[in-house]
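Colleague: fold the stuff below for me.
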Amino acid sequence: MAGKLKITAWIGAGMLTGALATLQLQAFARGSVSPLPLEELQQLAAVYGLVKADYFEPVHGKKLVQDAINGMVNGLDPHSEYLDAKDYKEFRESTSGKFVGVGIEIAPKDGLIQVVSPIEGSPAARAGIQAGDLITRIDDAAVKGLPLDKAVKLMRGKPGTQVRLTLLRKSANRTMTLVITREEIHVQSVRGRMIEPGYGWVRINQFQSDTLPEFVAKVDALYKADPGLKGLVLDLRNDPGGLLESAVGVASAFLPSESVIVSTRGQIPEANVSYRNTPSDYSRVPGQNPLASLPSAVKKVPLVVLVNGGSASASEIVTGALQDYKRAQVMGELTFGKGSVQTVLPLGPETALKLTTARYFTPNGESIQARGITPNYMVGPLPGGDPYAALRMREVDYKNQIGTGVQAASSPQLRQEIQHQDEARQELEAAIEKNPKKFPKLPEYGSKQDWQLEQALNLLQHKPVVTEKLPAAQAAASAASTAAQPAPTH
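Modeller: Next comes the predicted model:
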């Protein structure tokens, strides 16, 4: 990658709701650093001194400094943050797909934490935790209103230590308490199978360090099972993102050599780069091409990409590239809309600053920030659409998000959109609480009841596809923002 930084990146949405992305840029030692604002720093020092001297009880100086840094960074945008020793360690673990915990995928639900799925073979699965269980307490901490990332931290720890989870299982109308011993969990990022003779399904849960070899092995296995594969479904639903190099590699598997996959633009020179379909931009081992074993037919196999509101960042990069080159038909729901890049800047051996340093752009030069990617075929998870769509948190819902690049985050149009979404969310939450039986359970991805996968297969087989109409306001906003994007720059 001559003249360009080697990618070691994390672009995604933490668990199912957050959103983060990193490029390891050498961002220290800037030649044009602005002069320090001495008056403001004197005020900061004065406040520090007053708190240390006059607060009703002693406060550790380290806490005051960390809180000051947190306040400075957290006010910038939703994805910039200070990483203390524990956060930094967990952040590095997340890129490997390995962590120490109980082994469950979770999401917010009615102010509590809902189990989306226990990871196969994990302590949680062995303890009998089921999808749909609601976590009400973690040890002595009540979960009601607890942010998702805080709940994650409480459930993680050292191998061999125990955590006590109190669960509400609505299906059995009972509460239970389980004591679970934490273990190192390895999250398999890719799974797939033949869904019908001649048609394959590959699902990527998250872009991790081993995603690309897992993806290649899975696609190779599908072609070994049927060398005449007629169609493939790439499932990125609820994929929060992950390592950029893995995303570049997956997109490259389907595109011609040297195709631009994604570009980034920011204030510093290192942030202005384009990533292409070349091994130096996605291989973790110099001189090797992890895509080399793939059959040539994968470049032309009919392809459908499935996405939804939980598809964020790295998964949006793959989707945007395949859609821009018209290499795939995109089906599902509007994606999350995270189009910013965060750089991880180490502050020492144990702490770091994660700072938004760039926007990223699809090959056609479009920013998807706070807009998302509109599918070619709008298909909800059920024949009647998505009954829970209003509950989904998207990038545009963050009050301090950085705007679309065409519209500021504080623009009247975006503020009005957020207000309408908040109102719709409140109405839906009230309706679910009043009569939960009216709201069906969504099908498991890849199951026989998976409506979106069924429609993807229909498209590949040239059968009728049942779609839902894009709301007029959303269609108009999408068309207007697309028309206002800058020209492609490769």
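
Colleague: could you use CA atoms for every contact and neighbour count after this?
Modeller: OK.

Colleague: next up, the contacts around Arg191.
Modeller: By C-alpha atoms under 8 Å, 6 or more residues apart in numbering, the contact list for Arg191 reads 202-204, 218.

Colleague: report the two of the residues you listed separated the most.
Modeller: Among the contacts of Arg191, the pair separated by the greatest distance (C-alpha to C-alpha) is Ile204 and Lys218, at 10.7 Å.

Colleague: what residues are shared contacts of those two?
Modeller: Overlap of the contact sets of Ile204 and Lys218 (by C-alpha under 8 Å, 6+ apart) consists of 190-191.

Colleague: name the residue in the two with the higher neighbour count.
Modeller: Between Ile204 and Lys218, counting by other C-alpha atoms under 10 Å, Ile204 is the more crowded of the two (25 against 20).

Colleague: show me the helices in this structure, by range?
Modeller: 38-54, 61-74, 85-96, 123-127, 148-155, 211-225, 244-252, 279-282, 314-324, 412-434, 451-460, 472-483 (DSSP state H).

Colleague: where among those helices is average confidence lowest?
Modeller: Across those, helix 472-483 has the smallest mean pLDDT, namely a mean of 39.

Colleague: quick one: average pLDDT of stretch 165-175?
Modeller: 86.

Colleague: picking that back up, among the contacts of Arg191, which one sits closest to Phe336?
Modeller: For these, the minimum distance to Phe336 (C-alpha to C-alpha) is 16.2 Å, reached by Ile204.

Colleague: between the helices of the chain, which gets nearest to Pro349?
Modeller: helix 85-96 (8.6 Å).

Colleague: which residues does the closest one contact?
Modeller: 10, 99, 208-210, 242-243, 350-352.

Colleague: recalculate using a threshold of 7 Å.
Modeller: 10, 99, 208-209, 242-243, 350-352 (C-alpha atoms under 7 Å, 6 or more residues apart in numbering).

Colleague: same deal with stretch 199-209?
Modeller: By C-alpha under 7 Å, 6+ apart, stretch 199-209 touches 95-97, 189-195, 222, 229-236, 239-243, 246-247.

Colleague: from the middle of its chain, how far away would it be?
Modeller: 14 Å (C-alpha atoms, centre = their mean, to the nearest Å).

Colleague: dump it to PDB, keeping only the CA atoms.
Modeller: Provided in PDB are the C-alpha atoms of stretch 199-209 (Å, rounded to 0.1, in the frame of the first residue of the first chain):
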ATOM      1  CA  TYR A 199     -28.400 -21.300  -4.100                       C
ATOM      2  CA  GLY A 200     -26.200 -20.400  -1.100                       C
ATOM      3  CA  TRP A 201     -26.600 -18.200   1.900                       C
ATOM      4  CA  VAL A 202     -23.600 -16.600   3.700                       C
ATOM      5  CA  ARG A 203     -24.200 -14.600   6.900                       C
ATOM      6  CA  ILE A 204     -21.600 -12.300   8.500                       C
ATOM      7  CA  ASN A 205     -22.400 -11.300  12.100                       C
ATOM      8  CA  GLN A 206     -19.500  -8.900  12.500                       C
ATOM      9  CA  PHE A 207     -16.300  -8.100  10.700                       C
ATOM     10  CA  GLN A 208     -13.500  -9.500  12.800                       C
ATOM     11  CA  SER A 209      -9.900 -10.400  12.300                       C
END
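
Colleague: can you lay out the helices of the chain as JSON lines showing distance to Gln114?
Modeller: As requested, these are arranged in JSON lines below (distance: least, C-alpha to C-alpha, whole Å):
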{"stretch": "helix 38-54", "distance to Gln114": "40"}
{"stretch": "helix 61-74", "distance to Gln114": "27"}
{"stretch": "helix 85-96", "distance to Gln114": "20"}
{"stretch": "helix 123-127", "distance to Gln114": "13"}
{"stretch": "helix 148-155", "distance to Gln114": "10"}
{"stretch": "helix 211-225", "distance to Gln114": "26"}
{"stretch": "helix 244-252", "distance to Gln114": "28"}
{"stretch": "helix 279-282", "distance to Gln114": "35"}
{"stretch": "helix 314-324", "distance to Gln114": "23"}
{"stretch": "helix 412-434", "distance to Gln114": "15"}
{"stretch": "helix 451-460", "distance to Gln114": "22"}
{"stretch": "helix 472-483", "distance to Gln114": "29"}
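
Colleague: quick one: closest of those to Met331.
Modeller: Closest to Met331 of those, according to C-alpha to C-alpha: helix 451-460, at 7.1 Å.

Colleague: what residues of the closest one count as buried?
Modeller: Burial within helix 451-460, assessed by neighbour count using 16 or more other C-alpha atoms under 10 Å, is assigned to 451-457, 459-460.
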